[in-house]
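Enquirer: How does the following fold in three dimensions:
(chains A and B)
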Amino acid sequence: MIAYARRAFIVLWKDWLIERRSKSSLNAVVFFALILLFLFQFALGPDRERLHAALPGLLWLGFVLAGLLGLGGVFLVERDNDCWEGLLLAPGDKSAIYVGKLAANLVLMTLVEAVILALFGVFYGIDLYAVLAPLAAVVVLGTIGIAAVGTLFGAMTAQVRSRELLFPVLLLPMQVPVLLATVSATEVVLAGRPLAEAAAWLTLLAVADTVYLAIGLLTFEFVFDA
Amino acid sequence: MPDRSPRVILGWLAGLALLAGLGAGFGYAPREDIQGNVQRIMYLHVPAVLTAYLAFVVTLVASAAYLGTKRLGWDRLAAGAAELGVLFMGITLLSGSIWGKPTWGTWWTWDARLTSTAVLFLVYVGYLLLRAAVEEPERRARYAAVVGILAAANIPIVHFSVKWWRALHQPSTILGPQPAPIAPSIKLALFVNVIAFALLFVYLLTSRVEVARLEEEAAR
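Expert: Prediction:
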């Protein structure tokens, strides 16, 4: 168990180091998020009422689109310099690699989401500080769901041609429940209503996360191959 | 070819059952009082959606069996069933749309059942696209099996999320299916068509699996 956790942590640490030193993914994704914010504004016009009504949806659209860019690439780094073979040769249960990669994805996505949230606060004038704790709960639950499936599909599509197209086509329809739940719960939170009103959605998210994680852990060994 | 004849018989059975279904739907079943003849789309619509769900269950079971045994036969079964599932889901969506226009006054509405059907359709189209993108049979089978299992596990999650999404947005949809009791003759006609579709599904599935097997044999 300790060896398993250690192996997962090594993968996480390695990815974190690569990202910290190259900043290849983080820089681009944060900038992409900024562009998205501007595009949303242009698409919906300057009407404040309308923007505020659409805010939860826009926020999660931003998270999902930024997540697509980040998640798709997390296994691509392994294709250079035969790193893929190195990972394959790692001893023990292959699902430890899944856990490590998933953790790396979660760290990366959470960072990007924090930046997006801050930008949303600034550009659309919402008081995030007041709703930070319940909002964080929704964001974490939603992000786990997206990352759990995204990491699994990322390992799969890294080896497949027309990957850039296939990854979103596989991931997005699968994530419709997560999107519906998070957007609805965010709506409740941003309106300043108590989190208990979104209890059904949070339960659904927790169940979905559990199912996705369980399938990810069990099937990763079939996906991760030479 | 010794294994051909049972399938031919099955094909004939499916054809006859479909003819009986047509007869039951257009001849035996009465004209519905409120909707008129349009209601007869149900004899296509309902069997199609039931068959599609049956197909997805077959895909799930065959996918799990493939990962357990690594025998490509299971993969061919999973793939054939998924193709047919998408086909029957497509028929469901199309016929539902045609039915919706005269009765609801619109081709499409974001009703819970419509939405979840459309989402599942897209999920399994993704499954087929993945299969088309991977060349090596063994790797394709593994990847597809994982997606096949995940997609099936997602069905109840999609179902509940979409149901609550509609429930929370508007109190009660007037477009929902009427809880009115179903007339025995309509029920019987529907039953005949469901059986006919199930036979058609088994016939098409066995044929598709056989074709896939011959394709692999030829490629070798």
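
Enquirer: List the buried residues in stretch B:27-41.
Expert: B:29, B:38-41 (16 or more other C-beta atoms under 10 Å in any protein chain shown). Any C-beta I mention is one placed from the backbone N, CA and C, and that applies to glycine too.

Enquirer: and if you look at stretch A:13-21?
Expert: Here stretch A:13-21 shows A:14-15, A:18-19 as buried, counting by 16+ other C-beta under 10 Å.

Enquirer: Check the offset of the lengthiest helix in chain B from the chain's centre.
Expert: Counting residues, the longest helix found in chain B (DSSP state H) is helix B:184-219. Counting by C-alpha atoms, centre = their mean, to the nearest Å, helix B:184-219 is centred 10 Å from the centre of its parent chain.

Enquirer: Check stretch A:13-25 too.
Expert: 17 Å.

Enquirer: any chance of the buried residues of stretch B:27-41 in TSV, with secondary structure and pLDDT too?
Expert: As requested, those are exported to TSV (DSSP: H, G, I helix; E, B strand; the rest coil; pLDDT from 0 to 100):
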residue	secondary structure	pLDDT
B:A29	coil	78
B:V38	helix	80
B:Q39	helix	81
B:R40	helix	86
B:I41	helix	85
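
Enquirer: Could you identify the pair within those that is furthest apart?
Expert: B:A29 and B:V38 (12.9 Å; C-beta to C-beta).

Enquirer: Show me where the chain has its helices.
Expert: Went with chain A since none was named. Going by DSSP H, chain A shows helices at A:2-22, A:24-44, A:48-73, A:83-89, A:95-124, A:132-157, A:163-174, A:176-190, A:199-223.

Enquirer: wrong one, chain B
Expert: Under DSSP H, chain B gives helices at B:5-23, B:42-69, B:72-104, B:112-133, B:137-169, B:184-219.

Enquirer: Could you export the ones you listed as TSV, including mean pLDDT?
Expert: Below are these laid out as TSV (pLDDT from 0 to 100):
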stretch	mean pLDDT
helix B:5-23	87
helix B:42-69	93
helix B:72-104	92
helix B:112-133	91
helix B:137-169	87
helix B:184-219	90
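
Enquirer: can those helices go into a markdown table with extra columns for distance to chain A and mean neighbour count?
Expert: What follows is the helices of chain B, written out as a markdown table (distance: least, C-beta to the nearest C-beta, whole Å; neighbours: other C-beta atoms under 10 Å in any protein chain shown):
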| stretch | distance to chain A | mean neighbour count |
| --- | --- | --- |
| helix B:5-23 | 31 | 15 |
| helix B:42-69 | 6 | 21 |
| helix B:72-104 | 12 | 20 |
| helix B:112-133 | 4 | 20 |
| helix B:137-169 | 4 | 21 |
| helix B:184-219 | 19 | 17 |
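
Enquirer: And the helices of chain A: which comes nearest B:Y127?
Expert: Nearest of the helices of chain A (C-beta to C-beta): helix A:163-174, 8.0 Å.

Enquirer: contact partners of that closest one?
Expert: A:64, A:68, A:71-72, A:146, A:149-150, A:153-154, A:156-157, A:160, B:119, B:122-123, B:125-127, B:129-130, B:133, B:147, B:150-151, B:154 (C-beta atoms under 8 Å, 6 or more residues apart in numbering or on different chains).

Enquirer: can you pull the contacts of the residue most central in space within chain B?
Expert: By C-alpha atoms, centre = their mean, the mean C-alpha position of chain B lies nearest to B:A52, the distance being 1.4 Å. B:A52 makes contact with B:84-86, B:88-89, B:92, according to C-beta under 8 Å, 6+ apart.

Enquirer: repeat that with 6 Å
Expert: B:85, B:88-89 (C-beta atoms under 6 Å, 6 or more residues apart in numbering or on different chains).
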